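Q: mind folding the following:
(chains A, B, C and D)
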Protein chains: 2
Amino acid sequence: MGQRCSLVHVTKLRSDTERTVRTILEAAERTFSRNPAASMEQVAEAAGVARTTVHRRFTSRDALIDAMAAWATRRFAEAVESAYTTTAPVPVTLHQVTANVLRVKIDWGYAMSRTTSRDPEVARVHSEVRGRCDEMFRRARDAGLLRADADLDWVRRVYYALIHEAATGPDEDLDADALATRLVDTLLHGFGASAGRWAM
Amino acid sequence: MGQRCSLVHVTKLRSDTERTVRTILEAAERTFSRNPAASMEQVAEAAGVARTTVHRRFTSRDALIDAMAAWATRRFAEAVESAYTTTAPVPVTLHQVTANVLRVKIDWGYAMSRTTSRDPEVARVHSEVRGRCDEMFRRARDAGLLRADADLDWVRRVYYALIHEAATGPDEDLDADALATRLVDTLLHGFGASAGRWAM
DNA sequence: CGGAGTTGCAACACGTATGACGCATGTGAT
DNA sequence: ATCACATGCGTCATACGTGTTGCAACTCCG
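A: Residues are numbered from 1 along each chain as shown, chains lettered A, B, ... in the order given. Presented below is the predicted three-dimensional model:
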């Protein structure tokens, strides 16, 4: 019985702690996305806590950034894996993956840009997602959605660049689905008139 | 007579000084492009001069970065203006402008990313170049090169993003012309098979 | 009420980047 | 040789960010 009560107590406290950690991570994202050289003081201020509290939760500045990268990377992987499927038509998968990734990237742009982290797990997941991406484009090419002579490395680089641009742009009137639609259309057809969207 | 000799003297010394300034600017670009938080000491080391010399030429760290931005911005504007013309066919102009800009961006990637400088002249030139870019795409659309319903703001954003990606990528085997060819092709046609390069 | 846990606040030590000196040296022009 | 100028070197003061610690106050639970 003492155990159960203790567990409830600990659970409650841990929940508080988790909330504080989340608050700090989100404040750090907002702060660093505006100024990557911001100080811990500015992060603490943005989080509405004292600087010492930040240092209590994260032993060092690097540890904080690592935690941000780990958190965002997990969301990133989830966004891709939950949308990726080999059963649905490739265009559908491409759109869903794009929209899901945009949703995460809009909120965690800075943290997601830290692909080279001191945490090997982060680098591993990033390269894993990259593999999924390459696989998706290979299937797209095999399915005839992409040109047969498309350089898949260049395709992936352009895709990442477009995601970055779409997520950081001033399109507050467009939601992730609309952004994804425009992005995929651009990726597949570009802006040329003679090779327009409805050409056959 | 004393005047002429003095002028020669001053000219010679100024030439030396200009060379030192150039050396420092180029070293700063190399250093900051790898690590934006690098110290003045590292910049001086990369330039092969003492740290005090850097401080003699640039009163502060901000002044150095401003000077880099001003220098790169001038080269940027030159690259665009020297290639931009209303007489040549739009596709030719697009390719030449792209190749010229890539040549500058490859060497001055960090400095060119500082579009918001404390120097109002830099911001002015950047917005001026941006205007030229918009004008070019408007002409491209009027000439039928771009789809009539293309969102020119989105076109420009994608264009800038592709230039950034092409210039920072690991394509040491491709020169600026080859990069520009691939970039413009991607911009106009994307990667879709049904709307390929040779579609009519 | 009493205890555990967390936070804010103030203060501290430490390292590092910055910017400004003065002085000696070297180089090129007269 | 002499002068003007730029550089390198050593030194200094200063500011800022980081990370740690001790203490009081607060909250929640038993």
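
Q: please make it C-alpha for all contacts and neighbour counts, starting now.
A: Will do.

Q: for DNA strand C, give me its nearest residue in chain A.
A: A:Val49 (3.3 Å; C-alpha to the nearest atom of the strand).

Q: give the contact list for that residue.
A: Contacts of A:Val49 were listed using C-alpha atoms under 8 Å, 6 or more residues apart in numbering or on different chains, and none were found.

Q: domains of chain A?
A: A:1-58, A:66-190 (automatic domain parsing).

Q: distance check, the residue of chain A closest to DNA strand C against A:Val21.
A: 11 Å (C-alpha to C-alpha, to the nearest Å).

Q: element containing A:Ala27?
A: Using DSSP states H and E, A:Ala27 maps to helix A:2-34.

Q: and the next helix or strand past that helix?
A: Counting by DSSP H and E, what follows helix A:2-34 is helix A:40-47.

Q: is that following helix in proximity to DNA strand D?
A: Yes - applying C-alpha under 7 Å from any atom of the strand, one finds helix A:40-47 touching DNA strand D at A:40-41.

Q: and that helix, what does it pack against?
A: Under the contact criterion of 3 or more C-alpha pairs under 8 Å, 6 or more residues apart in numbering or on different chains; DSSP states H and E, helix A:40-47 touches helix A:2-34, helix A:51-57.

Q: centre of the chain to the shortest one, how far?
A: Averaged C-alpha coordinates place helix A:51-57 at 26 Å from its chain's average position (C-alpha atoms, centre = their mean, to the nearest Å).

Q: is any part of that helix close to DNA strand C?
A: Yes - legend: contact between helix A:51-57 and DNA strand C by C-alpha under 7 Å from any atom of the strand is shown at A:51-53, A:56-57.

Q: and of those, the nearest to B:Leu64?
A: Nearest to B:Leu64, judged by C-alpha to C-alpha, of these is A:Arg51 at 31.7 Å.

Q: that closest one contacts A:Arg57, correct?
A: No - with contact defined as C-alpha atoms under 8 Å, A:Arg51 and A:Arg57 do not form a contacting pair (10.3 Å).

Q: ok, back up a step: ok, of the residues of helix A:51-57 next to DNA strand C, which one's closest to A:Glu121?
A: Distance to A:Glu121 across the residues of helix A:51-57 next to DNA strand C (C-alpha to C-alpha) is lowest for A:Arg57, with 20.4 Å.

Q: how near is the residue lying closest to that closest one once chain neighbours are set aside to A:Met68?
A: Spatial nearest neighbour of A:Arg57, chain neighbours left out: A:Val21 (7.0 Å); criterion: C-alpha to C-alpha, 6 or more residues apart in numbering or on different chains. A:Val21 sits 10 Å away from A:Met68, taking C-alpha to C-alpha as the criterion.

Q: more neighbours: those two, which one.
A: When neighbours are counted by other C-alpha atoms under 10 Å in any protein chain shown, A:Met68 comes out ahead of the other of A:Val21 and A:Met68, with 23 against 19.

Q: residues contacting the more buried one?
A: A:Met68 neighbours (C-alpha under 8 Å, 6+ apart): A:25, A:29, A:111.

Q: quick one: residues contacting the second one.
A: The neighbourhood of A:Glu29, defined by C-alpha under 8 Å, 6+ apart, consists of A:68, A:107-111.

Q: just the pLDDT at it, thanks.
A: On pLDDT, A:Glu29 comes in at 98.

Q: so where's chain A uncertain?
A: Along chain A, the parts satisfying pLDDT under 70 run over A:1-15, A:194-200.

Q: again, 80 this time
A: A:1-17, A:194-200 (pLDDT under 80).

Q: who's in contact with A:Leu179?
A: A:Leu179 touches A:99, A:166, counting by C-alpha under 8 Å, 6+ apart.

Q: what about 10 Å?
A: Shown in contact with A:Leu179 (C-alpha atoms under 10 Å, 6 or more residues apart in numbering or on different chains): A:95, A:98-99, A:102-103, A:163, A:166-167, A:171, A:173, A:185.

Q: of those residues, buried ones?
A: Buried subset of the contacts of A:Leu179 (neighbour count, 16 or more other C-alpha atoms under 10 Å in any protein chain shown): A:95, A:98-99, A:102-103, A:163, A:166-167, A:185.

Q: how about the helices of chain A, start to end?
A: With helices called from DSSP state H, chain A shows them at A:2-34, A:40-47, A:51-57, A:61-83, A:90-107, A:109-113, A:120-142, A:152-168, A:176-189.

Q: got CSV for the ones you listed, with distance to B:Val80 too?
A: Conversion of the helices of chain A to CSV gives the following (distance: least, C-alpha to C-alpha, whole Å):
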stretch, distance to B:Val80
helix A:2-34, 29
helix A:40-47, 39
helix A:51-57, 47
helix A:61-83, 38
helix A:90-107, 32
helix A:109-113, 30
helix A:120-142, 34
helix A:152-168, 22
helix A:176-189, 25
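
Q: which one of these lies closest to B:Ala63?
A: If you check each of these against B:Ala63 by C-alpha to C-alpha, helix A:2-34 wins as the nearest, at 21.3 Å.

Q: is stretch A:130-146 in proximity to chain B?
A: Yes - counting by C-alpha under 10 Å from any C-alpha of the partner chain, contacts between stretch A:130-146 and chain B involve A:140-141, A:143-146.

Q: going by neighbour count, which residues in that stretch are buried?
A: For stretch A:130-146, by 16+ other C-alpha under 10 Å, it's A:132-134, A:136-138, A:140-141, A:145-146.
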